[in-house]
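Undergrad: Based on what follows, work out the 3D shape:
(one chain, ligands or ions: 1)
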Amino acid sequence: MRLAVLKERLPGETRVAAVPDSVKKLTALGLTVAVESGAGEAAAIADAAFREAGAEIAPDAATALAGAGVVFTVQPPDPATIAAIPRGALLVGTLAPLANPDLVADLAKAGIDACSMELLPRITRAQSMDVLSSQANLAGYRAVIEAAEAFPRGFAMMMTAAGTVPPARVFVVGAGVAGLQAIATARRLGAIVSATDVRPAAKEEIKSLGASFIGVEDEESASQTGAYAREMSAEFRAKQAALIAETVAKNDIVICTALVQGRRAPTIVTAEAVAAMRMGSVIVDIAADAGGNCAATVPGERIVTENGVAVLGYRNWPARIGVAASSLYARNLLTFLSSFWDMDARAPKLPAEDDIVKGVLLTRAGAVIHPNFQPQAA
Ligand code: NAD
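TA: Purely as a prediction, here's the structure:
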């Protein structure tokens with residue numbers, strides 16, 4: 001069976017869905033891997049490296065896709081790509097079906113069995129396939145590195161003959177996978193770090209990384225016992241806004257990472273809070289793809305506010321660390337396919353009753369099968 005790996009079409013995307021190491025392992029499953037020429041370029045992987053790992057280099061997407069039984073992508077495919085994917089092929093990628101409901105119907109119509117990896121259930125068995133975690137971890141790291149670059153002082157305390165430079169104060173909003181990595185990275189650079197979250201479990205995790213916890217602790221936050229946060233009430237949000245505004249004004253750098261699944265990201269850092277920050281402060285909003293946690297964020301842009309605060313609202317943070325992000329993403333997809341690979345038939349086998357399959361499989365044999373994406377009755 002042929003597996004196609006395409007060059008990503010989204011501007012600014014640097015990642016690729018397979019790397020030489022994963023190509024070797026895919027080949028060992030009995031697959032012929034066809035990589036579109038230049039697919040790895042933005043992730044510093046030359047065609048020659050893919051070829052050495054056993055891949056065939058296809059001059060264009062259509063050639064890579066011809067006869068393919070499996071297709072790996074990072075971003076959702078565009079209409080031309082959908083048209084070129086053979087009927088019956090398995091497509092695996094981050095397809096953003098919530099943001100793009102028409103795509104699910106289009107994939108079904110094209111007879112493509114599509115798996116959207118960001119829908120993976122957060123269960124132990126799925127951890128090594130968890131693209132959200134692998135990519136968020138790197139995004140959290142990168143956010144701090146870019147904050148350090150934009151901050152005109154320095155992170156660590158420096159005691160010199162000419163005097164002392166104080167350490168930076170970093171406040172992390174949202175302590176999930178990205179936020180915890182941001183805390184750890186900022187601490188490694190020498191900053192004094194604090195963080196907030198609404199899930200009570202996050203408090204201990206924040207403290208175990210050497211940061212202080214700041215947050216509203218009430219009955220509503222105590223009821224947030226799941227792995228994901230729910231949207232908070234207006235009353236909670238008002239209490240939180242006052243505490244956050246006070247905290248933000250005392251910090252040099254704010255890293256925003258808070259998300260609520262399937263919703264716009266909550267606005268946690270208000271315009272008033274930004275206005276109270278000192279000149280030269282930096283806000284990095286990696287929730288920008290979901291609208292951002294900061295009222296001053298302009299998704300996709302780096303702006304400087306009237307009071308001299310830089311707000312980095314870039315989209316697609318994993319693409320800003322494309323080499324590492326490709327390597328982990330490729331490993332996630334490889335693990336997924338290997339887990340659902342029938343060695344005798346040398347083909348994917350996705351049992352409908354499996355929890356992981358139920359989570360990720362959007363379409364099968366020409367129909368939308370995922371309960372959350374059923375076509376609306378006219
Ligand atoms: P996420 O990206 O959905 O959200 C990031 C963080 O923002 C979360 O911690 C969330 O509680 C927080 N948040 C949401 N609304 C907020 C608000 N109004 N104010 C402050 N913070 C807010 O979450 P994530 O990083 O993908 O994961 C969340 C949790 O799930 C983590 O504890 C993680 O360890 C756990 N997890 C478990 C598994 C597994 O068991 N396989 C895998 C991945 C993640």
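Undergrad: can you give me the helices in the stretch 151-300 of the chain?
TA: Along the stretch 151-300 of the chain, the segments classed as helices by DSSP state H, counting those that start in this stretch run 177-188, 200-208, 219-222, 234-249, 271-275.
Undergrad: Among those, show me which one is buried the most.
TA: Mean neighbours per residue, mean count of other CB atoms under 10 Å, is largest over these for helix 177-188, with a mean of 24. The C-beta positions use only the backbone N, C-alpha and C, and glycine is treated the same way.
Undergrad: Looking at the protein, which residue is nearest the ligand?
TA: Nearest to the ligand, among the residues of the chain, is Gly176, at 2.1 Å (CB to the nearest ligand atom).
Undergrad: what's the spacing between that residue and Asp102?
TA: Distance, Gly176 to Asp102, using CB to CB, to the nearest Å: 29 Å.
Undergrad: Between the two, tell me which one has more neighbours.
TA: In this view Gly176 and Asp102 are compared by other CB atoms under 10 Å, and Gly176 has more residues nearby, 22 against 8.
Undergrad: these two touch, right, the more buried one and Thr257?
TA: Yes - at 6.6 Å, Gly176 and Thr257 qualify as touching, with contact defined as CB atoms under 8 Å.
Undergrad: Mutual contacts of these two, please.
TA: Counting by CB atoms under 8 Å, 6 or more residues apart in numbering, the common neighbours of Gly176 and Thr257 are Ala136.
Undergrad: that older thread, tell me, what's the model's pLDDT at the residue of the chain closest to the ligand?
TA: If you check Gly176, the pLDDT there is 97.
Undergrad: Likewise for Ala378?
TA: 52.
Undergrad: So which elements touch the lowest-mean-pLDDT helix or strand in the chain?
TA: Lowest on mean pLDDT, DSSP states H and E among the helices and strands of the chain sits helix 219-222, with a mean of 86. Applying 3 or more CB pairs under 8 Å, 6 or more residues apart in numbering; DSSP states H and E, we find helix 219-222 packed against helix 234-249.
Undergrad: and the helix it packs on, what does it pack onto?
TA: For helix 234-249, the elements it packs on are strand 169-173, strand 192-196, helix 219-222, helix 271-275, judged by 3+ CB pairs under 8 Å, 6+ apart.
Undergrad: Reformat the ones you listed into CSV and put distance to the ligand next to each item.
TA: Below are the helices and strands packed on helix 234-249 laid out as CSV (distance: least, CB to the nearest ligand atom, whole Å):
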stretch, distance to the ligand
strand 169-173, 6
strand 192-196, 5
helix 219-222, 9
helix 271-275, 13
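Undergrad: Let me know which of those is the nearest to Glu306.
TA: For the helices and strands packed on helix 234-249, proximity to Glu306 was assessed by CB to CB; helix 271-275 is nearest, at 8.0 Å.
Undergrad: So which bits of the top helix by length along the chain are buried?
TA: Counting by DSSP state H, the longest helix found in the chain is helix 131-150. For helix 131-150, the neighbour count (16 or more other CB atoms under 10 Å) marks 131-148, 150 as buried.
Undergrad: Give me the three-state assignment for Leu337.
TA: In terms of secondary structure, Leu337 is helix; the call rests on DSSP: H, G, I helix; E, B strand; the rest coil.
Undergrad: Quick check, it in contact with Val92.
TA: Yes - using CB under 8 Å, Leu337 is in contact with Val92, at 6.8 Å.
Undergrad: what about the two, which has more around it?
TA: Between Leu337 and Val92, Val92 has the larger neighbour count (other CB under 10 Å), namely 25 against 22.
Undergrad: list the contacts for the more buried one?
TA: If you count contacts by CB under 8 Å, 6+ apart, Val92 has them with 17, 70-73, 114-115, 117, 333, 336-337.
Undergrad: Same question for Glu301.
TA: By CB under 8 Å, 6+ apart, the neighbours of Glu301 are 313-314.
Undergrad: again, 10 Å this time
TA: 288, 311-315 (CB atoms under 10 Å, 6 or more residues apart in numbering).
Undergrad: filter the residues you listed to the buried ones?
TA: Among these, the ones that count as buried by 16+ other CB under 10 Å are 288, 311-314.
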